[in-house]
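**Student:** need a structure here:
(one chain, ligands or ions: 2)
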Amino acid sequence: MPTTNDGIMIILSSPSGAGKTTLVKLLSKLDNFEISISHTTRKPRENEVPNKDYYFVKEEEFKRLIKNEEFLEYAKVFNNLYGTTRTPVIDNLNKGKNVLFDIDWQGADQIKNKKLDYKLITFFILPPSKKVLFERLSNRDMQDKVIVEERMHQFSRDVLHWINYDYVVINDNLETCYSKISNLIKAELTNGSKDYDIEFIRSHVEKLTS
Ligand code: ADP
Ligand code: 5GP
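**Tutor:** Ligands and ions are numbered 1, 2, ... in the order given. This next block holds a predicted model:
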C-alpha cells in the first residue's frame, strides 16, 4: 500500500541522442535516487555493461516476460523491444527510493495511464539544434552510420511528443541542463517555485522542426 514515505517516479524521454541517458546517470548520483534498469533485445554498445545499463535478452526471453505480465510497460523502439519490469520499481518506491526511468514516449504514456499511487514527474529533453544532435549521435554510434541516419530520420516524429510532458528542457550545456532538472525535481518535492517557460520551448521546437 503506497504511503507518503514512498519514493517518486521521474521519467526522462527524448529523441535519441539528445542526452537523456547521460542525464539520468548524473541524476542517479543524488541521494536516494535509483535508475530503473530496462530489458532490451538490442545488442550492447561497446561501452555498455550488461545488468547495469540494460538486461540484454533474446527475443524469446522478452516474449516470456510479456506473457508472464512482468512488465510495467514495454514498447518496440527502432526494431528492438524495450521494457521495464514492475517488481524492482515497486520495491524501490516502497522503500522510499526515487526511481529514474530512461524510456521513450510510448513507455511514458503507458506508465502515466496506469495512474499508480506514486508521484510521477515527466521530463522531455531536447537537443539545442539538429546539427548538434547529428554530431552527438555520430560520436556515440561511430561504427554505424545507418543507426545515426535512422535515428535522425525518427527525430521529427519523436519530438512531437514534447507536449505530453510536465517539463521540457534543452540539453545544450550538460551542467546547466542537469541543474535545471534537479532544481525542478527539488521544487516538485518541496512545493518550491517551478521556473519553466513553455512558450520558449514551443518556439525552440518550431525551429527544430522547420
Ligand atoms: P540519449 O540517451 O538521449 O540517446 P545519450 O545520453 O546517449 O543520449 O547522449 C548522446 C551522446 O551525446 C553521448 O555520447 C553523450 O556523451 C553526449 N552528450 C550528452 N549530453 C551532452 C551535452 N550536453 N554536451 C555534449 N555532449 C553530450
Ligand atoms: P537506446 O537503444 O539508445 O539505448 O534506446 C533507444 C530508446 O529506447 C530510447 O528512447 C530509450 O529511452 C528507450 N528505452 C530504453 N529503455 C526503455 C524501456 O524500458 N521502455 C521503453 N518504452 N523505452 C525504453
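**Student:** Only C-alpha atoms from now on, for both contacts and neighbour counts.
**Tutor:** Noted.
**Student:** How about the spatially most central residue of the chain: what's its closest non-neighbour residue?
**Tutor:** Taking CA atoms, centre = their mean, the centroid of the chain lies closest to Asp102, which sits 2.6 Å from it. With sequence-adjacent residues excluded and distances taken as CA to CA, 6 or more residues apart in numbering, Asp102 is closest to Leu12, at 5.2 Å.
**Student:** Bridged to the one you found, which residues?
**Tutor:** Asp102, Phe123 (DSSP bridges).
**Student:** I'd assumed Leu126 was in contact with it.
**Tutor:** No: judged on CA atoms under 8 Å, Leu12 makes no contact with Leu126 at a distance of 10.7 Å.
**Student:** Output the set of residues of this protein in proximity to ligand 2.
**Tutor:** 13, 16, 38-39, 74-75, 77, 82-84, 102-104, 106-107 (CA under 6 Å from any ligand atom).
**Student:** Check which residues of the helix-or-strand element of the chain with minimal mean pLDDT are buried.
**Tutor:** Lowest on mean pLDDT, DSSP states H and E among the helices and strands of the chain sits helix 145-158, with a mean of 90. Residues of helix 145-158 classed as buried: 148, 151-152, 155-156, 158 (neighbour count, 16 or more other CA atoms under 10 Å).
**Student:** out of those, which one sits closest to ligand 1?
**Tutor:** Nearest to ligand 1 among these, counting by CA to the nearest ligand atom, is Arg151 at 9.2 Å.
**Student:** Spatially nearest residue to the closest one (excluding sequence neighbours)?
**Tutor:** Ser16 (6.2 Å).
**Student:** So that neighbour: helix, strand or coil?
**Tutor:** Look at Ser16: counting by DSSP: H, G, I helix; E, B strand; the rest coil, its state is coil.
**Student:** Gln143 versus that one, what's the distance?
**Tutor:** Note on Ser16: its distance to Gln143, by CA to CA, to the nearest Å, is 16 Å.
**Student:** Looking only at neighbour counts, state which of those two leads.
**Tutor:** Applying other CA atoms under 10 Å to Ser16 and Gln143 shows that Ser16 carries more neighbours, namely 23 against 10.
**Student:** if we can go back for a sec, residues in contact with the residue nearest to Asp102?
**Tutor:** The neighbours of Leu12, taking CA atoms under 8 Å, 6 or more residues apart in numbering as the test, are 20, 24, 100-104, 122-125.
**Student:** Intersect those residues with the contacts of ligand 1.
**Tutor:** Among these, ligand 1 is touched by Lys20 when using CA under 6 Å from any ligand atom.
**Student:** Which two among the contacts of Leu12 are spaced furthest apart?
**Tutor:** Leu100 and Ile125 (14.1 Å; CA to CA).
**Student:** pLDDT averaged over stretch 39-46 - what is it?
**Tutor:** Mean pLDDT, computed over stretch 39-46, is 94.
**Student:** how about that stretch: buried residues?
**Tutor:** 39-42.
**Student:** circling back: can you select the buried ones among the residues of the chain next to ligand 2 for me in PyMOL?
**Tutor:** In PyMOL, the members of the residues of the chain next to ligand 2 classed as buried (16+ other CA under 10 Å) are selected with the following command:
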select buried, resi 13+16+38+39+74+75+82+83+84+102+103+104+106+107
